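Q: Dropping a prediction and its sequence here:
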Amino acid sequence: MIQIGKILKQVPIFRMLDKESIDFIVERLKFKTFDQNETICKVGDPGDEMYIIISGEVKICIYGDKNQEQIVAKLTAGDYFGEMALLTGETRSASVIATQPSETFLLHKNDFDVILEKFPSISLSLGKIVSKRLRETLSKATQMPDVDKITSSQGGPSGDLSDIALVDLISFCESNSLTGTMKIDGEDGQGVFEFESGELQNVKLNDAKDDQALDQMLKWTAGKFKIDIKPLTIKKDTKTIGTDSVKKLLIVNNSLVVRKVIERAFKGLGYDVHTAKNMDESLSDIKQSKPDIIISDIKLPDGNGIEFLEKARETGDIAFIFITDESRKSDFEDQLSSIKNAEVTKTHEVSEIVKIVENLI
């Protein structure tokens, strides 16, 4: 099961955040879907959003002078992209296209700026410093390298330093948010550059490391390079492996659209999801599926939320989440005040429902 909070903790710029800060971010995530072959963002677009993939697949592409497409990465459920844009505010240097119907959570830069303002003690600024320092080191790299001079192979791009300068290659990896390794066989041995989400993590050349190794290799005018691209992945929690650990949800709503949107989101996160349109249909399902959590509207065609909760709990102490909004929340909360293990949403946002579910679990 993939949990949004855990995914955020894997994004480099969010690793230093505590649970309170992560929860604050999750509240600001928006749910958005993309059709197959739909462009999510393209070269030159404002870099004002980052995306977390719930389900589906996308490709990261760059284009040469003759507009030929080169795929530099493919990302799937649990992967993310665009996080560096939140730090730099630069326009997109690559296009992202859905290769399958895909569902995502996105975080807008305006919300990210609010996060920085609310938690000034958090060292998110470190990412800006690292990015700025790297750009200063690569100040000679004024444009993307000519991809016509990079040979695309099954293992990744490769070529010769006589055609493309090392600073341009590093800029290429950074600008396209690559995760992987670049190896260069040059005059004094083999240099190894390790990247994660476009950030240069380590540099090695024989016994030399980091700045010392980089200074030596920047003098090279000849050598062969190869970039091994590794798709961004999120480590799965091994504790959730196995059918017994998969949490079961029952979504109850008269609206087919609401049921489908919530169902797709939670299935993409690894939950076992059932749906029903009314109380009667739900009660039949509860006896068989035995859900851990029921997500229900407060008004159903054949009864209200309190009646539904009371009947459902005749089979066991099932957690409830009722979907509502601020206009109806206060009255309903009064009715729930004496009932344990029941929550009420503030909005109909899927991201808020996901947060409540994960807190309950």
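A: On my side now, so go ahead.
Q: and stretch 76-91, how far apart are its ends?
A: 23 Å (Cα to Cα, to the nearest Å).
Q: Bridged to Ala342, which residues?
A: For Ala342, the beta-bridge assignment (DSSP bridges) gives partners Phe320.
Q: so it sits right up against Phe322, yeah?
A: Yes: with contact defined as Cβ atoms under 8 Å, Ala342 reaches Phe322; the gap is 7.0 Å. (C-beta placed from N, C-alpha, C; glycine too.)
Q: quick one: which of those two has more around it?
A: The neighbour comparison of Ala342 against Phe322 (other Cβ atoms under 10 Å) goes to Phe322, with 26 against 21.
Q: On the three-state scheme, the closest residue to Ile339 other than its chain neighbours is what?
A: Nearest residue to Ile339, sequence neighbours excluded (Cβ to Cβ, 6 or more residues apart in numbering): Leu309, at 6.8 Å. Counting by DSSP: H, G, I helix; E, B strand; the rest coil, the backbone at Leu309 sits in helix.
Q: do Ile115 as well
A: helix.
Q: Could you report the neighbour count for Ala94?
A: Counted with other Cβ under 10 Å, Ala94 comes out at 23.
Q: and what of Cys41?
A: 21.
Q: returning to that earlier point: roughly how far apart are the residue nearest to Ile339 and Cys41?
A: 43 Å (Cβ to Cβ, to the nearest Å).
Q: So for the host helix or strand of Ile306, what gets flagged as buried?
A: If you go by DSSP states H and E, Ile306 is part of helix 305-312. Buried residues in helix 305-312, counted by 16 or more other Cβ atoms under 10 Å: 305-306, 308-309, 312.
Q: Pipe those into JSON lines and attach pLDDT and distance to Ile294 per row.
A: JSON lines is the format used below for the buried residues of helix 305-312 (pLDDT from 0 to 100; distance: Cβ to Cβ, whole Å):
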{"residue": "Gly305", "pLDDT": "87", "distance to Ile294": "10"}
{"residue": "Ile306", "pLDDT": "88", "distance to Ile294": "13"}
{"residue": "Phe308", "pLDDT": "92", "distance to Ile294": "8"}
{"residue": "Leu309", "pLDDT": "92", "distance to Ile294": "8"}
{"residue": "Ala312", "pLDDT": "94", "distance to Ile294": "6"}
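Q: Name the nearest of the residues you listed relative to Ser93.
A: Taking Cβ to Cβ as the measure, Gly305 is the one of the buried residues of helix 305-312 closest to Ser93, at 48.9 Å.
Q: just checking, that closest one touches Ile321?
A: No: judged on Cβ under 8 Å, Gly305 makes no contact with Ile321 at a distance of 10.3 Å.
Q: Do a quick rundown of the strands in the stretch 1-150 of the chain.
A: Counting by DSSP state E, counting those that start in this stretch, one finds strands in the stretch 1-150 of the chain at the ranges 30-34, 39-41, 49-55, 57-63, 69-76, 80-81, 95-98, 102-108.
Q: Could you name every residue contacting both of Gly305 and Ile321?
A: Ser296 (Cβ atoms under 8 Å, 6 or more residues apart in numbering).
Q: for the residue nearest in space to the middle of the chain, what are its contacts?
A: Centroid check for the chain by Cα atoms, centre = their mean gives Ile52 as the closest residue, at 2.1 Å. With Cβ under 8 Å, 6+ apart as the criterion, the residues that contact Ile52 are 4, 7-8, 29, 78-80, 104-107.
Q: Same list, the residues you listed, but as TSV with pLDDT, distance to Asp113 and neighbour count please.
A: Listed next are the contacts of Ile52 as TSV, based on pLDDT from 0 to 100; distance: Cβ to Cβ, whole Å; neighbours: other Cβ atoms under 10 Å:
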residue	pLDDT	distance to Asp113	neighbour count
Ile4	72	20	21
Ile7	75	21	22
Leu8	75	17	25
Leu29	86	15	24
Gly78	78	26	22
Asp79	83	24	20
Tyr80	83	19	24
Thr104	89	21	25
Phe105	87	18	25
Leu106	89	15	19
Leu107	88	11	26
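Q: Leaving aside the residues adjacent along the chain, what's closest to Thr104?
A: Tyr51 (4.7 Å).
Q: In the sheet, which residues pair with the one you found? Tell me.
A: Here Tyr51, judged by DSSP bridges, has bridge partners Phe81, Leu106.
Q: That one contacts Gly82, doesn't it?
A: Yes: counting by Cβ under 8 Å, Tyr51 touches Gly82, with 5.4 Å between them.
Q: that's a helix at Val167, yeah?
A: Yes: counting by three-state DSSP, Val167 falls inside a helix.
Q: how much space between it and Lys287?
A: 66 Å.
Q: and if you look at Asn254?
A: For Asn254, the distance to Lys287 - Cβ to Cβ - is 21 Å.
Q: before we move on, back to that, is it possible to export the buried residues of helix 305-312 to JSON lines including distance to Thr99?
A: Shown next, in JSON lines, are these (distance: Cβ to Cβ, whole Å):
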{"residue": "Gly305", "distance to Thr99": "41"}
{"residue": "Ile306", "distance to Thr99": "46"}
{"residue": "Phe308", "distance to Thr99": "41"}
{"residue": "Leu309", "distance to Thr99": "42"}
{"residue": "Ala312", "distance to Thr99": "41"}
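Q: Just give me the closest of these to Asp297.
A: For Asp297, the nearest member of the buried residues of helix 305-312 is Gly305. The distance, counting by Cβ to Cβ, is 7.2 Å.
Q: Excluding residues flanking it in the chain, which one is nearest that closest one?
A: In space, Gly305 is closest to Ile298, 4.1 Å off (Cβ to Cβ, 6+ apart).
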